[in-house]
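A.B. asks: take this sequence and fold it.
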Amino acid sequence: MMDLLPDLKPTSYTLRRFILVICSLLITSLTVNVVLSDGSRNLDEAIALFENKDYEEARPIFQALIDEDKTNAEANFYLGRIALAADDDPKQASKWLKKAVKYDDSRAEYHFLLGQVYGMRAQDASIFKAPGLAKGVKKQFLRTVELDPDHMDARFGLMQFYLNAPGIMGGSDEKARVQAEEIKTRNPVMGCHASAVIYEHDDKMDLAEGEYHNLIASDPDNSDYQYYLGYFYQNHEQFDKAFDLFDNILQDHPEELRALYQIGRTGALSGQRPDRAADCLLQYLLSEPGPDDSGLDWAHHRLAMVYDKAGKIDSARVHYEAALVINPDHTQAKKALKKLK
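C.D. replies: Numbering: from 1, shown residues only. The predicted model follows:
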């Protein structure tokens with residue numbers, strides 16, 4: 001989920017969320033009869049609350065619908081989404097999503113999200129659990145494209161799985177290229193990204209970089225494509241290019257929290273431009289990241305790395321510890337803090 005995925009919210013937000021939880025429990029006890037009186041209407045109401053990010057108001061309605069009918073696949077699906085968006089709990093999310101696909105196997109989006117969640121869990125899993133979770137990713141993505149052949153994200157996920165998984169776990173360069181060709185045929189823009197990943201895998205870095213530039217040229221206003229190129233630069237230690245790219249994004253879009261974080265991450269990985277990296281991460285720590293942004297635990301961790309590489313050990317220790325206060329299960333912060341002592 002690699003820290004390019006969302007994590008936790010700031011303490012102030014967490015406090016407000018806790019208050020909402022308490023209030024929602026009280027409200028639920030008063031309104032459960034109303035919730036159960038019209039399942040269809042209340043499902044629509046809960047979905048609307050979810051889409052408005054009112055997760056703690058939506059949660060008891062979905063739960064009441066499941067209490068009435070445990071086979072309500074959509075309610076299970078949305079509780080899985082809430083476990084991710086509000087709780088940052090992939091393990092709990094997978095429990096809800098497994099029920100969703102059990103009770104309705106025909107929904108591609110259910111299978112795709114379950115596959116994504118297995119992937120998140122696999123990143124931090126033990127060597128004993130990771131293979132099973134990886135196989136779960138493959139199974140769910142295959143079912144997704146079986147149900148929806150034009151589901152490009154699932155095809156892209158399959159391509160990456162085949163490229164990165166060992167052969168004993170189902171990895172296959174040949175199958176990865178099949179998915180890349182399917183993506184090109186069905187979506188030429190995403191085909192540029194797929195080609196870039198294949199070239200990168202083949203160590204054809206100039207061709208890979210060219211495809212990322214083609215991707216950006218296809219839609220200059222899509223900042224995601226610029227980030228893909230930035231991640232490519234980070235992964236291949238072209239740090240000056242990464243700094244410049246993310247700085248340009250931030251200059252054009254000062255509201256872009258991702259750019260702040262990625263400038264800091266580039267400094268954390270490289271040890272370069274430590275003042276700039278630290279400044280950006282400190283700004284990020286004063287923000288309230290959205291569900292698609294890296295969490296504040298990761299921001300503290302990256303800031304600690306910047307200080308660590310700069311020889312500011314006491315400051316590094318403070319921020320590794322802060323990461324663990326937010327997320328006691330942050331494996332990388334635990335390991336880094338242990339090395340400092």
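A.B. asks: wait, residue 177 sits on residue 198?
C.D. replies: Yes. Shown here, residue 177 and residue 198 form a contact pair, counting by C-beta atoms under 8 Å, at 6.5 Å. Yep, even glycine has a C-beta here, placed from its N, CA and C like the rest.
A.B. asks: so residue 158 versus residue 90, what's the distance?
C.D. replies: When C-beta to C-beta, to the nearest Å is applied, the distance between residue 158 and residue 90 equals 20 Å.
A.B. asks: ugh, wrong one, residue 309
C.D. replies: Per C-beta to C-beta, residue 309 is found 30 Å from residue 90.
A.B. asks: which of those two has more neighbours?
C.D. replies: Set residue 309 next to residue 90 and count neighbours by other C-beta atoms under 10 Å: residue 90 wins out with 24 against 17.
A.B. asks: ok, and the closest non-adjacent residue to that one?
C.D. replies: The shortest distance from residue 90 to any residue other than its chain neighbours is 4.3 Å, reached at residue 120 (C-beta to C-beta, 6 or more residues apart in numbering).
A.B. asks: who has more neighbours, residue 177 and residue 198?
C.D. replies: Between residue 177 and residue 198, counted using other C-beta under 10 Å, the more crowded position is residue 198 (21 against 16).
A.B. asks: so who does the more buried one touch?
C.D. replies: Residue 198 makes contact with 159, 163, 176-177, 180 under the criterion C-beta atoms under 8 Å, 6 or more residues apart in numbering.
A.B. asks: on that earlier part again, what about the residue nearest to residue 90, neighbour count?
C.D. replies: As a burial measure, the neighbour count of residue 120 was computed by other C-beta under 10 Å and equals 20.
A.B. asks: so it is in which element?
C.D. replies: If you go by DSSP states H and E, residue 120 is part of helix 108-123.
A.B. asks: and residue 332, how many neighbours?
C.D. replies: Taking other C-beta under 10 Å as the neighbour definition, residue 332 ends up with a count of 17.
A.B. asks: ok, it to residue 121 distance?
C.D. replies: Applying C-beta to C-beta, the value for residue 332 to residue 121 is 16 Å.
A.B. asks: which of the residues in stretch 179-195 are buried?
C.D. replies: Neighbour counts using 16 or more other C-beta atoms under 10 Å place 179-180, 182-184, 187, 189-195 of stretch 179-195 among the buried residues.
A.B. asks: can I get those in a markdown table with distance to residue 99?
C.D. replies: Written out in a markdown table, the entries for those read as follows (distance: C-beta to C-beta, whole Å):
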| residue | distance to residue 99 |
| --- | --- |
| 179 | 29 |
| 180 | 33 |
| 182 | 30 |
| 183 | 31 |
| 184 | 36 |
| 187 | 31 |
| 189 | 35 |
| 190 | 31 |
| 191 | 35 |
| 192 | 37 |
| 193 | 33 |
| 194 | 33 |
| 195 | 38 |
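A.B. asks: please give the element, helix or strand, for residue 131.
C.D. replies: Secondary structure assigned from DSSP H and E places residue 131 in helix 130-147.
A.B. asks: what does that helix rub up against?
C.D. replies: Residues outside helix 130-147 that contact it (C-beta under 8 Å, 6+ apart) are 101, 105-109, 111-112, 114-116, 118-119, 121-122, 125, 151, 154-155, 157-158, 161, 165, 169-170.
A.B. asks: which of those count as buried?
C.D. replies: Neighbour-count burial (16+ other C-beta under 10 Å) is assigned, among the contacts of helix 130-147, to 101, 107-108, 111-112, 114-116, 118-119, 121-122, 151, 154-155, 157-158, 161, 165, 170.
A.B. asks: what domains does the record give for the protein?
C.D. replies: Dividing the chain into domains by automatic domain parsing, as the record does, gives the ranges 1-104, 107-218, 237-341.
A.B. asks: could you list the low-pLDDT ranges of the stretch 201-341 of the chain?
C.D. replies: For the stretch 201-341 of the chain, applying pLDDT under 70 flags the ranges 341.
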